[in-house]
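>>> let's see this in three dimensions:
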Amino acid sequence: MINITVKKEYKCNICKFQWQKGELTYEKCPDCGSVDITLVDSQKDDEYINENISIRRSYGGNGRGGRAPRVCKCHNCGYESPKTRGAPCRNQKCPECNTPLCGAD
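Below you'll find the predicted structure:
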C-alpha cells in the first residue's frame with residue numbers, strides 16, 4: 001500500500017516567505033501573520049525537472065560537461081582555437097582581447 005501525501009506550497013506576498021505542508025491549510029503567513037498568501041503551483045518545478053532529465057547521464061544523456069571540449073573559445077569576441085589535450089582552456093588567453101578562453105563544443 002502506497003500512501004502519498006500531496007504537499008501544498010504557500011507563499012506570502014508581503015514578506016515573500018515560502019513554506020509547504022501536507023494536509024494543513026493556511027489562512028495567514030506563519031512568519032509575518034499576513035493574510036495575503038497564495039498557493040504556489042509546484043507543477044512548474046516538476047516540468048522543469050522533467051524537461052532537464054534527458055541531459056543527465058544517469059538517464060542516458062551525455063550530461064553537462066560530459067566530455068572534453070573540442071575548441072577553446074573567447075566569450076568576449078568569439079575567437080576560437082583548437083583544444084590542446086592536457087592544457088586547460090582557462091590557462092590560455094585570447095590573442096585579440098586578452099580574455100581567458102573557455103572550453104566549447
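>>> burial count for residue 77?
10 (other CB atoms under 10 Å). (Glycine included, C-beta is placed from N, CA and C.)
>>> grab the nearest non-local neighbour of it.
The spatially closest residue to residue 77, leaving aside those adjacent along the chain, is residue 97, at 4.9 Å (CB to CB, 6 or more residues apart in numbering).
>>> separation between the one you found and residue 88?
According to CB to CB, to the nearest Å, residue 97 stands 19 Å off from residue 88.
>>> who's more crowded, these two?
Set side by side, residue 97 and residue 88 show unequal neighbour counts under other CB under 10 Å, the larger going to residue 88 at 14 against 11.
>>> for the more buried one, phi and psi?
Reported as degrees, to the nearest 10, the phi and psi values for residue 88 are phi -60, psi 140.
>>> and residue 92, what does it touch?
Under the criterion of CB atoms under 8 Å, 6 or more residues apart in numbering, the contact list for residue 92 reads 72, 81, 100, 101.
>>> the second one reaches residue 71, doesn't it?
Yes: using CB atoms under 8 Å, residue 81 is in contact with residue 71, at 6.7 Å.
>>> ok so, going back, could you flag which of the contacts of residue 92 are buried?
With neighbours counted by 16 or more other CB atoms under 10 Å, these contain buried members at 72, 101.
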